[in-house]
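Student: My questions concern the predicted model and sequence given below.
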Amino acid sequence: MRCDATRRRERMAPDMDEFWVFGYGSLMWNPGFPYVEKSEAHVFGYRRSLCVRSHVHRGTPERPGLVLGLDRGGSCRGVAFRVSGEDRPDVLDYLRERELVTHVYKERLLPVLLGDGRRVEAVGYVVDRGHLQYAGALDVAEAADIVRLAAGKSGPNYAYVINTVAHLREMGIRDHWLEGVGRLVGEA
C-alpha cells in the first residue's frame with residue numbers, strides 16, 4: 001500500500017518531463033535542495049507580498065510579524081529551479097515540509113516564463129486567502145507599522161524585510177512596494 005506522501009507526489013505533476021520549482025522569497029537565494037538548472041523567472045497573475053502573519057519566526061501570537069506570500073494579482077519576478085527526475089520525490093517532500101507547516105500556502109503548478117523565453121510549469125506556493133494567517137492587502141505604511149514592532153525566534157521582522165530587499169537588489173529584482181516598506185522600517 002502506498003503512503004500519503006507517495007500519493008501526493010504522484011498527484012503533483014505526474015507526467016512532467018521536467019520538474020521546476022518557482023521561488024519568490026528566500027527560496028531564491030537559499031533553495032536547500034539540489035537542482036540542475038537555475039533561471040530568472042516571471043509569473044503572471046501573482047505578486048510578492050508581505051501578506052502572511054508570522055506568529056513564530058518573525059512575530060508572536062500577541063504581536064504577529066509579516067512574511068512573504070505569493071498573492072493574487074500583478075506579476076512576480078523570481079527564480080525557477082529545474083530538478084532532476086531522480087531528485088523530484090525528495091525535493092517535493094522537502095518543499096512541503098518547509099512551506100506547508102501551517103498550511104497558509106497552497107501548492108500549485110504555475111505557468112512560468114523563463115529568462116530565455118521558454119515557458120514551463122513550476123511548483124509554487126501561493127497564499128491561502130482563507131487562512132487565519134492571511135493578512136490581506138496592506139499599504140506600505142500599514143505593513144511598515146507591523147514590521148517595525150514585531151520580532152520572533154528568528155529575529156526582528158524589520159531585519160527580514162531589509163535582508164529580503166537587499167537580496168532582491170543583488171539579483172537585479174526591483175520590488176517597489178517591498179522597498180517602500182524597507183525604507184520606512186529602516187528609518188525607525
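Tutor: Ah, there it is.
Student: Poorly predicted segments of the protein, please.
Tutor: 1-16, 187-188 (pLDDT under 70).
Student: Now with 80, please.
Tutor: 1-17, 187-188 (pLDDT under 80).
Student: Let me see the ranges of the helices in it.
Tutor: 4-11, 88-99, 140-149, 157-170, 176-186 (DSSP state H).
Student: Y35 and V79 touch, don't they?
Tutor: No - between Y35 and V79 there is no contact under Cβ atoms under 8 Å: 9.8 Å. From N, CA and C alone the C-beta is placed, and that goes for glycine too.
Student: Let me know which of the helices of the chain is the nearest to S75.
Tutor: With Cβ to Cβ as the criterion, S75 lies closest to helix 176-186 of these, at 12.5 Å.
Student: picking that back up, wait, which of the helices of the chain is closest to L113?
Tutor: For the helices of the chain, proximity to L113 was assessed by Cβ to Cβ; helix 157-170 is nearest, at 18.2 Å.
Student: Which elements pack onto the closest one?
Tutor: Secondary-structure packing of helix 157-170 (3 or more Cβ pairs under 8 Å, 6 or more residues apart in numbering; DSSP states H and E): strand 65-83, helix 140-149, helix 176-186.
Student: Is P156 bridged to anything, and to what?
Tutor: For P156, the beta-bridge partners are A151 (DSSP bridges).
Student: For the nearest residue to R98 once chain neighbours are set aside, grab the count of nearby residues.
Tutor: Excluding its sequence neighbours, the residue lying closest to R98 (Cβ to Cβ, 6 or more residues apart in numbering) is G32, at 7.0 Å. Here the number of neighbours of G32 (other Cβ atoms under 10 Å) works out to 10.
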